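S.K.: Turn this into a structure:
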Amino acid sequence: MKRPLTQTTAPSMKKVVFTVLGCAMLMFIVAPAWAQVISDQGVCNGALVDGVLGDATGCGALITVTAVNGSGQATAFNVTIPNNNSPANGNPYDGDDDILVGVLNSSGAPLSSLPLTSSDTTFGGIFGFDGDGPCDYTGGAADCLNGPYSEADPNDYEGPDNTFTNISSISCTTTVSGLCYTSGTVTFTTPIPPANSNSCGAPCNSTWFALEGTPNSLILTSESAMLNYPTSANPETEIASFGSGAGAHTAAFTLKTVINPVSVTVTANYVDVGQVGLTNGICPFGTTVAADNDIDCRLALGGFVFDTLVNGDMVVPHCIPYHNYNPVTGTGQCVWYRASTPAVAGTDYTGPVYDGWTFPVDPSLANPSPNPEYPPGWNNQIGRVYDRPGVNLSNAFVADITDFFSSEPSAGGHQSTLNDWVLAAVPNGFEDTEITLVPIPGISPAPYIKGLPMLVALDLEKLGTKIPDPNGLMLPNTIRISTSTSGPAPVSIPVQFPQGLPTTFSNVCTKAYCPLKGVYYIFLSSTPYSTYPKGTTFNMYIGSDLFPQITLQFVVK
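M.R.: You can find the predicted model right below:
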């Protein structure tokens, strides 16, 4: 435990780092006089005794929340570094690694929670508390709401009316334990009122707490959007937008018909790439239950295990870290989505539900692999959409629902209900060669006869050989087909199947002696395409984890 007035030990490496940072800050302080002075508006005054907290005279960072969702969770904020009466308000207040953080609610609605994450692991992560919260610097005069070092707040970094929950860690080299606590949620016991409610201003629409390390890299751990569907006998599409600038991404959902008005809360959950057991493409041996953010093991428990390592760990699809992706460092955040609604499929709306995602970048997950435990890496050109059906009590991703995956980049899929999804890339080293048999190669658009079943057949061979692959339909492998209109803005057309015939691909034969054991087929109905004008060209997409997506064109005569 550190005591600021009695510490006599040699300067720590952390202090050296902050000394260097302090020198850099001083260069900005002596900049021209027109430089903007940022105030913390007194938000952190409650943490001070006689105007100070250790070395600090105010907030070292000020988080201004600008938007919240219907549950009061922050969905947008900005971070500023106040400089009031001394450089950066004298933070870190312990002269080492602890930052006093203020929160100002400017959203216009009560603020209940603030999910935070930061990629900075210099001091063990922003939630890597080391026992010297603000209470330790005030002699019990401030921030000792639960008593110093209480079970509820053992390191006493929580401020008035707030608690820390959902703290998660990543593997790192800056702590003895090898873990850095980079994400968590600040929950406000009594929601912080918005500014100007009953003439409320700072500090009544604000509070404070403390974190470890640099605060200017703070970002959200999740964002939510509300989608409202009016009653309609025709397909209705609503789009949820998340992030901003180069980190913006969207999730669009189409309901086939809306019987009663439907409201859907869509949440994009962000998890730092590379978190061991969560987002590194490896599910640890023996896992039987997975937390929501444990994307790796949710995929493993759903049956998408592509390899088992010597130690028993399971290789699964690697979630694609397209949110806040940094191409220089190769870091970013994976995204899993959840659509929540009180509406009931079949009663309030009918499926299938068509989903579409756009995202800013499709980062490479190979050459080199982001995970030394699996050097071959993952193939970002064979991305898939994995689904957890809403009726499942388990949160495992149990279905590959991919309709298409594009290098634009974008992806789409469909299923019967609203639920959970994640976009992930399959491991390298499991590819086949796909040979389309029907439609006949070289004829485009391929002709089909109106009213007759449309045969689609393909042959899978082990990559670089003539050996047929009979395992194309055995988990974790899948083969899926979808269709759309052609042109610059294709519209998905739900495939239909002739009555009495299979609705998924089938293997011609699986017996070892059958020479066609690598041939797969499906029949589609021409009905949905016959309603379009004669001569209309359509796209057909055939996708799998085993080969790159195939795009063919056809026309119904």
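
S.K.: for the protein, what's the longest strand?
M.R.: strand 179-192 (DSSP state E).

S.K.: and that one, what other elements does it pack with?
M.R.: Identification of packing neighbours for strand 179-192 by 3 or more Cβ pairs under 8 Å, 6 or more residues apart in numbering; DSSP states H and E yields strand 98-105, strand 111-117, strand 162-171, strand 206-212, strand 262-272. C-beta here means a position set from N, CA and C on the backbone, and glycine is covered the same way.

S.K.: Sheet-wise, list the partners of that strand with their directions.
M.R.: Its sheet considered, strand 179-192 pairs with strand 111-117 (antiparallel), strand 162-171 (antiparallel) by DSSP bridges.

S.K.: Out of those strands, which is the most enclosed?
M.R.: Per-stretch averages of neighbours, counted by mean count of other Cβ atoms under 10 Å, single out strand 111-117 among these, with a mean of 23.

S.K.: contacts for it?
M.R.: For strand 111-117, the external contacting residues (Cβ atoms under 8 Å, 6 or more residues apart in numbering) are 63, 65, 68, 71-74, 77, 103, 105, 126, 166, 182-188, 191-192, 194, 211, 218-222, 270, 272, 333.

S.K.: Just the buried subset of those, please.
M.R.: When neighbours are counted using 16 or more other Cβ atoms under 10 Å, these contain these buried positions: 63, 65, 68, 72-74, 77, 103, 105, 126, 166, 182-188, 191-192, 194, 211, 218-222, 270, 272, 333.

S.K.: Just give me the neighbour total for Pro502.
M.R.: 11 (other Cβ atoms under 10 Å).

S.K.: list the contacts for it?
M.R.: 522-523.

S.K.: in a strand, that's where it is, yeah?
M.R.: No: per DSSP: H, G, I helix; E, B strand; the rest coil, Pro502 lies outside any strand segment and is coil.

S.K.: what's the pLDDT at it?
M.R.: pLDDT, Pro502: 92.

S.K.: mind checking how far the residue lying closest to Asp98 once chain neighbours are set aside is from Val438?
M.R.: Ranked by Cβ to Cβ, 6 or more residues apart in numbering and with sequence neighbours excluded, the top spatial neighbour of Asp98 is Pro92, at 5.1 Å. For Pro92, the distance to Val438 (Cβ to Cβ, to the nearest Å) stands at 68 Å.

S.K.: out of these two, which sits in the busier spot?
M.R.: It is Pro92, of Pro92 and Val438, that has more neighbours when counted by other Cβ under 10 Å, with 27 against 12.

S.K.: follow-up on the earlier one: which one of the helices and strands packed on strand 179-192 has the poorest average confidence?
M.R.: When the helices and strands packed on strand 179-192 are compared by mean pLDDT, strand 162-171 comes last with a mean of 84.

S.K.: what domains does the record give for this protein?
M.R.: In the domain annotation for the chain, the residue ranges read 13-212, 222-427, 432-556 (automatic domain parsing).

S.K.: Could you give the secondary structure assignment for Ala300?
M.R.: Each residue gets one of three states, and Ala300 gets helix by three-state DSSP.

S.K.: Please report how far the closest residue to it other than its chain neighbours lies from Gly302.
M.R.: If you skip the residues right next to it in sequence, Ala300 has Cys283 as its closest partner in space, 3.7 Å away by Cβ to Cβ, 6+ apart. As defined by Cβ to Cβ, Cys283 lies at a distance of 11 Å from Gly302.

S.K.: One more: Tyr529?
M.R.: Counting by Cβ to Cβ, the gap from Tyr529 to Gly302 is 33 Å.

S.K.: quick revisit: distance between the longest strand of the chain and the chain's centre?
M.R.: Remark: strand 179-192 is offset 18 Å from the chain centroid, using Cα atoms, centre = their mean, to the nearest Å.

S.K.: Could you export it as PDB, CA atoms only?
M.R.: Listed next in PDB are the C-alpha coordinates belonging to strand 179-192 (Å, rounded to 0.1, in the frame of the first residue of the first chain):
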ATOM      1  CA  LEU A 179      -3.500 -10.100 -16.500                       C
ATOM      2  CA  CYS A 180      -4.600  -6.500 -17.100                       C
ATOM      3  CA  TYR A 181      -8.100  -5.300 -16.200                       C
ATOM      4  CA  THR A 182      -9.100  -3.200 -19.100                       C
ATOM      5  CA  SER A 183     -12.900  -3.200 -19.100                       C
ATOM      6  CA  GLY A 184     -15.700  -2.600 -16.600                       C
ATOM      7  CA  THR A 185     -19.000  -0.800 -15.900                       C
ATOM      8  CA  VAL A 186     -19.500   2.100 -13.600                       C
ATOM      9  CA  THR A 187     -23.000   1.800 -12.200                       C
ATOM     10  CA  PHE A 188     -24.700   4.800 -10.500                       C
ATOM     11  CA  THR A 189     -26.900   3.600  -7.600                       C
ATOM     12  CA  THR A 190     -29.100   6.700  -8.000                       C
ATOM     13  CA  PRO A 191     -29.100   7.700 -11.700                       C
ATOM     14  CA  ILE A 192     -27.300  11.000 -12.300                       C
END
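
S.K.: now for the helix or strand hosting Ala457, which elements pack on it?
M.R.: Here Ala457 sits within strand 454-462, counting by DSSP states H and E. Packing contacts for strand 454-462, counted by 3+ Cβ pairs under 8 Å, 6+ apart, involve strand 432-438, strand 519-524, strand 537-544.

S.K.: Hmm, Leu53 and the residue nearest to Asp98 touching each other?
M.R.: No: using Cβ atoms under 8 Å, Pro92 is not in contact with Leu53; the gap is 10.5 Å.

S.K.: tally of neighbours for Pro376?
M.R.: As a burial measure, Pro376 scores 15 neighbours (other Cβ under 10 Å).

S.K.: Alpha carbons only: can I get stretch 410-426 in CSV?
M.R.: What follows is the C-alpha trace of stretch 410-426 in CSV, where atoms were taken according to Å, rounded to 0.1, in the frame of the first residue of the first chain:
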residue,chain,number,x,y,z
SER,A,410,-20.3,-6.5,-45.2
ALA,A,411,-22.2,-9.7,-44.2
GLY,A,412,-25.7,-11.0,-44.0
GLY,A,413,-27.7,-13.9,-42.8
HIS,A,414,-31.2,-15.0,-41.8
GLN,A,415,-33.0,-17.0,-39.1
SER,A,416,-36.5,-17.3,-37.6
THR,A,417,-36.2,-15.0,-34.6
LEU,A,418,-34.3,-12.0,-33.2
ASN,A,419,-31.4,-13.1,-31.1
ASP,A,420,-27.5,-12.9,-30.8
TRP,A,421,-25.0,-12.8,-33.6
VAL,A,422,-21.2,-12.5,-34.1
LEU,A,423,-19.1,-12.2,-37.2
ALA,A,424,-16.0,-14.5,-37.1
ALA,A,425,-13.3,-15.8,-39.4
VAL,A,426,-12.6,-19.5,-39.8
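
S.K.: The chain should start at 465 in everything you say after this.
M.R.: With the count now opening at 465, the last piece we talked about shows up as stretch 874-890.

S.K.: Buried residues of it, list them for me.
M.R.: Residues of stretch 874-890 classed as buried by neighbour count (16+ other Cβ under 10 Å): 874-890.

S.K.: Return the distance of the strand holding Ala921 from the chain's centre.
M.R.: For strand 918-926, the separation from the chain centroid amounts to 34 Å (computed by Cα atoms, centre = their mean).

S.K.: Now do that strand, average pLDDT.
M.R.: Looking at strand 918-926 alone, the average pLDDT works out to 96.
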